[in-house]
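A.B. asks: attaching a predicted model along with its sequence, questions to come.
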Amino acid sequence: MAKQHLDQEYGESGVKGKAAAGFLTGGLSAAVCNPTDLIKVRMQADGVRLESPPSYRSISHALRTTLAEEGVRGLYKGVGPTSARASVVAAAELASYDEVKGSLLNCGVSNGLPLHVTTSLISGFMATICSSPFDVVKSRILSQPYDRNGKGIWYAGPIDCVRKSLKSEGISFMW
């Protein structure tokens, strides 16, 4: 829809228009769905901590617990990193899919299943490479414990997470 609007407003979208449409729609959809992503990440992180029993018995229990302990605002912790990650994924995927498909068609590849599979694999790879640093930061922010005031115990925010991760792990933490 965003791509169609940009096409109508400004003419056929180039790679920048496609990336912008993906960036906007990806970020907006992630912001709207942040509560579900937060619950998923917390339940996953909770399940791998062996030092204590799981904090959540179910999705609804995780939701009720988060609301009781942190309020509605607690459901939107990490919305910045989550939206940034989704923006990058959608921008990279949408722009690279259309560009790669067009290039392959121009090289004589016929429009069919092999073209779509190849294009999808390449655009998925591009999205993964571009989004991995954001995904790591997002997961670390969302899965960290918080103090009584709602402040992260391990990271003050995304920039602090990047700084500490680079210091302790080097650039390889991103992938």
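C.D. replies: Yes, it's here. As the structure is a computational prediction, the values presented were derived from the model and not from experiment.

A.B. asks: am I right that Leu63 is in a strand?
C.D. replies: No: assigned with DSSP: H, G, I helix; E, B strand; the rest coil, Leu63 falls outside any strand and is helix.

A.B. asks: give me the contact list for stretch 107-116.
C.D. replies: By CB atoms under 8 Å, 6 or more residues apart in numbering, the residues outside stretch 107-116 that reach it are Lys101, Leu104, Leu105, Thr118. (Glycine included, C-beta is placed from N, CA and C.)

A.B. asks: please name the nearest non-neighbouring residue to the third one.
C.D. replies: Nearest-residue entry for Leu105: Asn111, 6.5 Å, with adjacent residues in sequence omitted and distances by CB to CB, 6 or more residues apart in numbering.

A.B. asks: state the distance from the one you found to Leu104.
C.D. replies: 9 Å (CB to CB, to the nearest Å).

A.B. asks: between these two, which has more neighbouring residues?
C.D. replies: It is Leu104, of Asn111 and Leu104, that has more neighbours when counted by other CB atoms under 10 Å, with 18 against 10.

A.B. asks: and the more buried one, what does it touch?
C.D. replies: By CB under 8 Å, 6+ apart, Leu104 lies in contact with Leu115, Thr118, Thr119.

A.B. asks: just put those residues in CSV and tack on pLDDT.
C.D. replies: Shown next, in CSV, are the contacts of Leu104 (pLDDT from 0 to 100):
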residue, pLDDT
Leu115, 96
Thr118, 96
Thr119, 96
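
A.B. asks: quick check, nearest of the residues you listed to Asp160?
C.D. replies: Nearest to Asp160, judged by CB to CB, of the contacts of Leu104 is Thr119 at 38.0 Å.

A.B. asks: can you tell me how far Val162 is from Ala84?
C.D. replies: Per CB to CB, Val162 is found 11 Å from Ala84.

A.B. asks: likewise for Ala21?
C.D. replies: Separation of Ala21 from Ala84 (CB to CB): 17 Å.

A.B. asks: mind checking what helix or strand follows the helix ranked longest in the chain in sequence?
C.D. replies: In the chain, taking DSSP state H as the definition, the longest helix is helix 113-143. Later in the chain than helix 113-143, the nearest helix or strand by DSSP states H and E is helix 158-169.
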